[in-house]
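I need the structure of the sequence given here:
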Amino acid sequence: MRNLDDGLLLELMLHVYDEDVDRNRLVDEKNSRMILLTGAMLTLEVTLLSSLWVNCILFNDGISFLGKFSSCGLLFVSLLFLFVSLICFIFAYAFSMNFESVPDSSFLVDSLFCEDFNMHDFQGGLLATFEDVIKGNDKIINDKIWALLKSSKSFE
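Numbering: from 1, shown residues only. This is a model prediction of the structure:
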């Protein structure tokens, strides 16, 4: 009866792990879209708004020095926020390198070549491995989401 319980627990752990893998993929897709959007906005702002600022504001004699200075400051702050946001999105996307997979290949190989192989011990070892990996991966995903939300603050 105990082997059936371990088998059921193992299936549930696999389900939770698969959900984490899907959630990680969705967060990475969101981060990559935000990197693309922020990069496009930064490029457009640098090319279009800076040339518009130079042509329409900087060389316009009807605008005071204070107006020119404040518009330059607004343009610079906007570019700075976009650049910082882009860096944060890239940082959040780079977390995916730490995402762990289960089962560990060394555990499988050791179990395969073990002379006194016991299915109950094997399933118990897998359950322990899944628990640690799922907890670690959940922390990684939550860190990615936190970085994504932090990076999105510049769009508000």
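
so what pLDDT did R33 get?
At R33 the predicted local confidence, pLDDT, stands at 90.

brain fart, G39
90.

Helices of the protein, residue ranges please.
2-44, 50-52, 65-94, 105-112, 119-152 (DSSP state H).

Would you convert those helices into CSV that also reports mean neighbour count and distance to F59?
From N, CA and C alone the C-beta is placed, and that goes for glycine too. As requested, the helices of the chain are arranged in CSV below (neighbours: other Cβ atoms under 10 Å; distance: least, Cβ to Cβ, whole Å):
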stretch, mean neighbour count, distance to F59
helix 2-44, 14, 22
helix 50-52, 13, 11
helix 65-94, 15, 10
helix 105-112, 11, 65
helix 119-152, 16, 35
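
what's the least confident stretch among those?
Comparing mean pLDDT over these, the weakest stretch is helix 105-112, at a mean of 70.

quick one, which of the helices of the chain is nearest to L58?
Closest approach to L58 among the helices of the chain (Cβ to Cβ): helix 65-94, 6.2 Å.

And stretch 44-51, end to end?
When the termini of stretch 44-51 are compared using Cα to Cα, to the nearest Å, they are 10 Å apart.

Show me the contact partners of it.
The list of residues contacting stretch 44-51 from outside it, by Cβ atoms under 8 Å, 6 or more residues apart in numbering, reads L75, S78, L79, L82.

Could you do stretch 10-30 as well?
93, 96, 99, 102, 123, 126-127, 130-131, 133-134, 137-138, 140-141, 144-145, 148.

just stretch 72-87 next, same as before
Residues from elsewhere that reach stretch 72-87 (Cβ under 8 Å, 6+ apart): 35, 38-39, 41-42, 45-46, 49-50, 53, 58, 151-152, 154-155.

What's the per-residue pLDDT of V54 here?
75.

Tally up the residues packed near it, please.
Neighbouring residues of V54 were enumerated by other Cβ atoms under 10 Å; the total is 11.

Distance-wise, check it relative to G62.
According to Cβ to Cβ, to the nearest Å, V54 and G62 sit 15 Å apart.

And N137, by the same measure?
When Cβ to Cβ is applied, the distance between N137 and G62 equals 59 Å.

cool, and L52?
On the measure of Cβ to Cβ, L52 and G62 end up 16 Å apart.

next one: V77
As defined by Cβ to Cβ, V77 lies at a distance of 24 Å from G62.
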